[in-house]
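# fold the following and give me the result.
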Amino acid sequence: MTLAAAGPSREGIASNPVALAALLIALIAAATLAGAWYFQLVLDIKPCPLCLEQRYAYYLALPLAILVAFLAARGSPRQVLMAGFIILLLATLANAWLGGYHAGVEWKFWPGPADCSGPLVDFGKAGNLLEQLDKVKVVRCDEVQWRFLGLSLAGYNVLISLAMAAIALFGFVRAAKKA
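Reported below is the predicted structural model:
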């Protein structure tokens with residue numbers, strides 16, 4: 001076994017569109033999560049429950065895309081690569097739907113979940129527990145905390161998720177054509 005056969009070269013990965021597609025998905029997922037944490041931890045824009053649920057797809061996509069890229073660079077069977085891209089495609093399309101649903105809640109097109117967009121109820125001052133609850137800031141799903149160019153973070157999640165889905169579809173098609 002030669003040294004070249006022991007592992008993929010830089011030229012091998014650069015000339016491998018399946019591995020590159022997976023690496024691009026991983027990079028986008030990592031950047032999106034970093035952005036979400038930046039908004040939350042640095043800018044103090046607290047996520048609502050729907051925002052947190054939209055992160056699940058990125059938590060799945062990041063390690064799975066890295067694994068698919070690794071397997072593609074190692075010459076894994078196309079069925080394995082295709083399965084990885086199908087999972088990535090389904091996760092990102094579902095996340096785009098969830099982001100669209102959340103954006104619709106923000107625009108008041110439809111009601112959101114009762115736990116984060118229902119009516120606010122004032123229980124009065126009935127003791128220590130309720131005094132503590134009065135101090136808790138509930139982040140509502142139907143109130144936009146930040147917009148840029150007219151889109152909220154949920155709207156940007158739709159666009160990012162659709163871009164990742166397109167890349168996953170490209171990776172799937174290239175993996176399917178792999179000999």
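
# okay, now the unreliable bits of the chain?
Where the chain drops to pLDDT under 70, the residues are 1-14, 117-138, 141, 144, 146-147, 179.

# which residue, neighbours along the chain excluded, lies closest to the most centrally placed residue in it?
The chain has residue 58 as the residue nearest its centroid, 3.3 Å off, counting by C-alpha atoms, centre = their mean. Of all residues not flanking residue 58 in the chain, residue 29 sits nearest, at 4.5 Å (C-beta to C-beta, 6 or more residues apart in numbering). (Each C-beta comes from the backbone N, C-alpha and C, glycine too.)

# the one you found contacts residue 61, correct?
Yes. Look at residue 29 against residue 61 with C-beta atoms under 8 Å: they come within range, at 4.3 Å.

# name the residues contacting each of those two.
Here residue 29 and residue 61 share the contacting residues residue 164, scored by C-beta atoms under 8 Å, 6 or more residues apart in numbering.

# spatially nearest residue to residue 28, not counting backbone neighbours?
residue 164 (5.6 Å).

# before we move on, which element is that neighbour in?
Under the criterion of DSSP states H and E, residue 164 resides in helix 153-177.

# now the host helix or strand of residue 85 and helix 153-177, what's the angle there?
Remark: residue 85 resides in helix 78-106, with elements defined by DSSP H and E. Following axes from the mean of the first three to the mean of the last three C-alpha atoms, to 10 degrees, one obtains 160 degrees for the angle between helix 78-106 and helix 153-177.

# which elements pack onto the helix or strand just after helix 78-106?
Downstream of helix 78-106, the first helix or strand assigned by DSSP H and E is helix 114-117. Packing partners of helix 114-117 (3 or more C-beta pairs under 8 Å, 6 or more residues apart in numbering; DSSP states H and E): helix 49-73.

# CA atoms only: put stretch 34-41 into CSV for me.
Only the C-alpha atoms of stretch 34-41 are listed here, as CSV (Å, rounded to 0.1, in the frame of the first residue of the first chain):
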residue,chain,number,x,y,z
ALA,A,34,-22.4,30.2,15.4
GLY,A,35,-24.6,33.0,14.2
ALA,A,36,-27.5,31.8,16.3
TRP,A,37,-25.3,31.6,19.4
TYR,A,38,-23.8,35.0,18.6
PHE,A,39,-27.3,36.5,18.5
GLN,A,40,-28.2,34.8,21.7
LEU,A,41,-25.0,35.2,23.8
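
# relative to the whole chain's centre, how far out is it?
13 Å (C-alpha atoms, centre = their mean, to the nearest Å).

# with stretch 163-179 instead?
With C-alpha atoms, centre = their mean, you get 18 Å for stretch 163-179.
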